[in-house]
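**Student:** just the structure for this:
(2 chains)
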There are 2 protein chains.
Amino acid sequence: MEKIRIGIIGYGNIGRGVEAAIKQNPDCEMAGVFTRRDPKSVKIATENGCVYSVEDLPAHKDDIDVCIICGGSATDIPKQTPEYVKMFNVIDSFDTHAKVPEHFANVDAAAKESGHIGIISVGWDPGMFSLNRLYGNVILPEGKDYTFWGRGVSQGHSDAIRRVNGVADARQYTVPIQSAVDAVRNGENPELTTREKHLRECYVVAKEGADLKQIESDIVNMPSYFADYDTTVTFISQEKMDALHKGIPHGGFVIRSGATGEGTNKHIIEYRLQLDSNPEFTSCVLVAYARAAKRLAAEGISGCKTVFDIAPAYLSMQSGEELRAHLL
Amino acid sequence: MEKIRIGIIGYGNIGRGVEAAIKQNPDCEMAGVFTRRDPKSVKIATENGCVYSVEDLPAHKDDIDVCIICGGSATDIPKQTPEYVKMFNVIDSFDTHAKVPEHFANVDAAAKESGHIGIISVGWDPGMFSLNRLYGNVILPEGKDYTFWGRGVSQGHSDAIRRVNGVADARQYTVPIQSAVDAVRNGENPELTTREKHLRECYVVAKEGADLKQIESDIVNMPSYFADYDTTVTFISQEKMDALHKGIPHGGFVIRSGATGEGTNKHIIEYRLQLDSNPEFTSCVLVAYARAAKRLAAEGISGCKTVFDIAPAYLSMQSGEELRAHLL
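**Tutor:** Numbering: from 1, shown residues only, chains lettered A, B, ... in the order given. Model prediction:
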């Protein structure tokens, strides 16, 4: 079996997650980690695994089937995916929903010109949640969509708290409100405000002598991030933070609630994720789509794709025959 | 917009469900119901809708984009799908898992020869549950699959009870055992026997003077159907049966439970359906895949396909641009 040689671009949480996921997929192998840092300073988990500078990527053109871009959506991915798709088949986890059309267009143009595949916005949201929104909508065209996130750590909200005056460290959990979830699962099709869907739990380590009342007020009234939510702020010690809030769990659910026939028969489709590690799960999805990228490229297909464009069978090591026998 | 003209072959629960689903999809229209009965004897729900004999199908070759075969898996579909795919693009809901390879081969050969598409085993299991088993497996290669069915009516088990001596009517509900479901959701990866996963609730109307003890014993000891399960038998009146057990609800869940990284981070993927009407939901899935069949055929693709082979975007009325903007 010819293995899928995967290049990892960037070695943060996602890069490490991809490295681990490759080990769980016997048809994949790591072709190297590519970093903007000094390669000598980057210690990776794979024994005898190689770390290179991103500058060296062109020299590895023939050693890599698919590059997984493991940078951030704010500044890295919008630049890197259109650039690297000129040389490689690439996958990214671009998650700035509003900028997807622009990113898609950029990647599509570069990919078509070079004859490569670029699969963007792969992960769980966007990604698996998107797929479930689509399947739910096409099956129950008369219905309503609900997406709940959590209970899980929001990196963006945690960062926002850390920028508050007097805050030494912070962790924010997004929590779906159970009564809202229950109403949706019961097929009540409620209209839910932002405040009614999620609440925000904040754990904060204050700097010595900081004004706790002021910190709490700064957080709960912060526009966009917290003002529209019921937010709780709990002050804890750094020791407690390190002991209890080191993980990066997340998850959530996509629910499609609709009716058929004369409108009297109700149906609920629910897709739920409960993840101990948000980045490791995202990485697993990325690696599955790397398999699809190699196959599509081998068929001569090029351009930008999303999870919507990939037939599920392309994601599996198993043949069509095996899939029909074991999973259909 | 050129509508997708759908022919309905067979007018039982699924045929009626497809007829209703077409009305919820503005890009679809019913091209007629085709029946083995006397067409004059079949009253359909669509005003001005036409009922024809299946014998007349060849005459409608140019008026139909996709035929949905709404017969049973035991005898109708294995014969009808390979036959009608010679003239039409067809969709079926073939659900005899063990015979899928044979059915696939038959449909594939006929479809390739005639240049049509045949999408088989479309519905929720096989169908949406199969998709979720596949997505779960590729994302979490180190994990375990669990499929639970119910709470819902099993037509096959209800029929088996009706064949018991002294039984006038019967309805059987398959019920997942909550403690097993909870253990799976908790990531405990239990090994579950048949008896530990589901129980079977039977509601029975006995004929006058029948031996109730004997009926109960005949049911709970019936091999394959009930002997391996904890089964309850409740005798009720025909009035109560008609009042409380007329519906055909079903559902269930597919759970993939796996671990990533060093194996310490656990993840649960759960797909859950809660359906007031099993046949109407199946019908909705069939109509969505009819859309895909027309598109694939227009691209010149032929042969037998399953849900594994169809890129999700083909199921939606929306363009790639719209999907990326609204559902990604």
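**Student:** give the buried residues for stretch A:139-158.
**Tutor:** Of the residues in stretch A:139-158, A:139-141, A:143, A:145-155, A:157-158 count as buried by neighbour count, 16 or more other Cβ atoms under 10 Å in any protein chain shown. For glycine as for every other residue, the C-beta is placed from the backbone atoms N, C-alpha and C.
**Student:** now it - C-alpha only, CSV.
**Tutor:** Presented in CSV, the C-alpha positions along stretch A:139-158 are these (Å, rounded to 0.1, in the frame of the first residue of the first chain):
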residue,chain,number,x,y,z
ILE,A,139,-34.3,15.8,4.4
LEU,A,140,-36.6,18.1,6.3
PRO,A,141,-37.1,21.2,4.1
GLU,A,142,-39.9,22.4,6.4
GLY,A,143,-38.1,22.8,9.6
LYS,A,144,-35.8,24.8,11.8
ASP,A,145,-32.0,24.6,12.5
TYR,A,146,-30.5,24.9,15.9
THR,A,147,-26.8,24.8,16.7
PHE,A,148,-25.7,24.7,20.3
TRP,A,149,-22.0,24.8,21.3
GLY,A,150,-20.5,23.4,24.5
ARG,A,151,-20.0,22.7,27.2
GLY,A,152,-16.5,23.7,26.1
VAL,A,153,-13.7,26.2,26.2
SER,A,154,-13.8,29.2,23.9
GLN,A,155,-10.3,30.3,23.2
GLY,A,156,-11.5,33.7,21.9
HIS,A,157,-13.5,34.5,25.0
SER,A,158,-10.7,33.3,27.3
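**Student:** do that stretch and chain B meet at all?
**Tutor:** Yes - against chain B, stretch A:139-158 shows contacts by Cβ under 8 Å from any Cβ of the partner chain at A:I139, A:L140, A:P141, A:E142.
**Student:** surely the second one is in contact with A:K266?
**Tutor:** Meaning A:L140. No - if you go by Cβ atoms under 8 Å, A:L140 and A:K266 don't touch, sitting 9.6 Å apart.
**Student:** which neighbours do those two have in common?
**Tutor:** Counting by Cβ atoms under 8 Å, 6 or more residues apart in numbering or on different chains, the contacts common to A:L140 and A:K266 are A:S257, A:G258, A:A259.
**Student:** residue ranges for the strands of chain A, please.
**Tutor:** All strands of chain A, identified by DSSP state E, fall at A:4-9, A:28-35, A:51-53, A:66-69, A:89-92, A:117-119, A:143-149, A:152-153, A:167-176, A:198-206, A:230-235, A:250-260, A:265-275, A:303-305.
**Student:** taking strand A:28-35 as reference, get the angle to the first one.
**Tutor:** When you say that, I think you mean strand A:4-9. With axes from the mean of the first three to the mean of the last three Cα atoms, to 10 degrees applied, the angle from strand A:4-9 to strand A:28-35 works out at 20 degrees.
**Student:** got the contact list for A:H198?
**Tutor:** With contact set as Cβ under 8 Å, 6+ apart, A:H198 has these partners: A:F148, A:W149, A:G150, A:T174, A:V175, A:P176, A:I177, A:Y229.
**Student:** do the same with A:V220
**Tutor:** Contact partners of A:V220, counting by Cβ under 8 Å, 6+ apart, are A:F226, A:A227, A:T231, A:V233.
**Student:** which among these count as buried?
**Tutor:** Neighbour-count burial (16+ other Cβ under 10 Å) is assigned, among the contacts of A:V220, to A:F226, A:T231, A:V233.
**Student:** identify, from those, the entry nearest to B:L244.
**Tutor:** Comparing these against B:L244 with Cβ to Cβ picks out A:T231 as the nearest, at 46.5 Å.
**Student:** so A:H97 sits against B:L328, correct?
**Tutor:** Yes - look at A:H97 against B:L328 with Cβ under 8 Å: they come within range, at 6.8 Å.
**Student:** now do the same contact list for A:S93.
**Tutor:** By Cβ under 8 Å, 6+ apart, the contact set of A:S93 is A:I14, A:I69, A:C70, A:S73, A:I77, A:S121, A:V122, A:G123, A:G127, A:T282, A:L286.
**Student:** look up how far chain B lies from the second one.
**Tutor:** Here A:I69 is placed at a distance of 17 Å from chain B (Cβ to the nearest Cβ, to the nearest Å).
**Student:** tally up the residues packed near that residue, please.
**Tutor:** If you count neighbours by other Cβ atoms under 10 Å in any protein chain shown, A:I69 ends up with 29.
**Student:** hmm, A:N48 and A:G32 touching each other?
**Tutor:** No - assessed by Cβ under 8 Å, A:G32 is found out of contact with A:N48, at 11.1 Å.
**Student:** give me the more crowded residue out of the two.
**Tutor:** More crowded of A:G32 and A:N48, by other Cβ under 10 Å: A:G32, with 23 against 5.
**Student:** and the nearest residue to that one once chain neighbours are set aside, how far from chain B?
**Tutor:** Of all residues not flanking A:G32 in the chain, A:C50 sits nearest, at 4.5 Å (Cβ to Cβ, 6 or more residues apart in numbering or on different chains). To chain B, A:C50 is 21 Å away according to Cβ to the nearest Cβ.
**Student:** re earlier: max pairwise distance over the contacts of A:V220: which two?
**Tutor:** Taking Cβ to Cβ as the measure, these have their most distant pair in A:A227 and A:V233, spaced 13.5 Å apart.
**Student:** skipping adjacent residues, who's closest to A:D63 in space?
**Tutor:** What sits nearest to A:D63 in space, not counting adjacent residues and going by Cβ to Cβ, 6+ apart, is A:A31, at 5.4 Å.
**Student:** assess the claim that A:G15 and A:V33 are in contact.
**Tutor:** Yes - using Cβ under 8 Å, A:G15 makes contact with A:V33 at a distance of 6.5 Å.
**Student:** quick one: which of the contacts of A:S93 sit in helices?
**Tutor:** A:I14, A:I77, A:T282, A:L286 (DSSP state H).
**Student:** can you redo these as JSON lines with pLDDT, neighbour count and distance to B:H245?
**Tutor:** Formatted as JSON lines, these follow (pLDDT from 0 to 100; neighbours: other Cβ atoms under 10 Å in any protein chain shown; distance: Cβ to Cβ, whole Å):
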{"residue": "A:I14", "pLDDT": "97", "neighbour count": "26", "distance to B:H245": "51"}
{"residue": "A:I77", "pLDDT": "97", "neighbour count": "26", "distance to B:H245": "55"}
{"residue": "A:T282", "pLDDT": "98", "neighbour count": "26", "distance to B:H245": "45"}
{"residue": "A:L286", "pLDDT": "98", "neighbour count": "27", "distance to B:H245": "48"}
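**Student:** including distance to B:P26, could the residues you listed go into TSV?
**Tutor:** As requested, the ones in helices among the contacts of A:S93 are exported to TSV (distance: Cβ to Cβ, whole Å):
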residue	distance to B:P26
A:I14	41
A:I77	37
A:T282	36
A:L286	36
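**Student:** out of the residues you listed, who's nearest A:N132?
**Tutor:** Among the ones in helices among the contacts of A:S93, A:T282 lies closest to A:N132 (Cβ to Cβ), at 15.7 Å.
**Student:** distance check, that closest one against chain B.
**Tutor:** According to Cβ to the nearest Cβ, A:T282 stands 10 Å off from chain B.
**Student:** quick one: contacts for that residue?
**Tutor:** With contacts defined as Cβ under 8 Å, 6+ apart, the neighbours of A:T282 are A:I14, A:G17, A:S93, A:G123, A:W124, A:G127.
**Student:** just give me the neighbour total for A:D62.
**Tutor:** Using other Cβ under 10 Å, A:D62 has 7 neighbouring residues.
**Student:** the closest residue to A:N278 other than its chain neighbours and chain B: what is the separation?
**Tutor:** Counting by Cβ to Cβ, 6+ apart, A:N278 lies nearest to A:H250, which is 3.9 Å off, once chain neighbours are set aside. Distance of A:H250 to chain B, computed by Cβ to the nearest Cβ: 10 Å.
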